[in-house]
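Visitor: sequence plus predicted model, see below.
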Amino acid sequence: MSQADDTREEKAHWHWRNTMRPVRFFNLDARAALPFCLLLVYARPHTLVLTIIITTIFYILERKGLTFPSAMRALRVFMIGINRPAWVTMRHRRMIDFG
């Protein structure tokens, strides 16, 4: 079997490597397309402005290296803080010194 045959066989399975990649829409996360769908259904000036604002937010997140889910987790941590009031006391994280 030659090197060219190995390459053809490997290329047949390359699609599995890309199955967990995020879906892109015009070089942005695909979630940025949702405001455009709303704009198509309800085309008003304020919907256009909202779509531009949301797309800009997605662009800024992409430039900072954050995916949308990680940005939502960061926002949650920023808003709630370290203390998780819905958790029972025994599940709170404590500082541990392993030294």
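Guide: That came in fine, so what should we check first? Please read these numbers as outputs of a predicted model, since none were measured by experiment. Numbers count the residues shown, from 1 in each chain.

Visitor: helix or strand next in line after the helix ranked longest in the chain, which one?
Guide: Using DSSP state H, we find that the single longest helix of the chain is helix 45-64. Remark: after helix 45-64, the chain's next helix or strand is helix 68-80, criterion DSSP states H and E.

Visitor: and that next one, what does it pack onto?
Guide: Using 3 or more C-beta pairs under 8 Å, 6 or more residues apart in numbering; DSSP states H and E, the elements in contact with helix 68-80 are helix 45-64. All C-beta atoms are positioned from the backbone trio N, CA, C, and that covers glycine.

Visitor: and the angle for the helix it packs on with helix 68-80?
Guide: On the basis of axes from the mean of the first three to the mean of the last three C-alpha atoms, to 10 degrees, helix 45-64 is oriented at 100 degrees to helix 68-80.

Visitor: pull out the buried positions in helix 45-64.
Guide: Under the neighbour-count criterion of 16 or more other C-beta atoms under 10 Å, helix 45-64 has 51, 54, 55, 58, 61, 62 buried.
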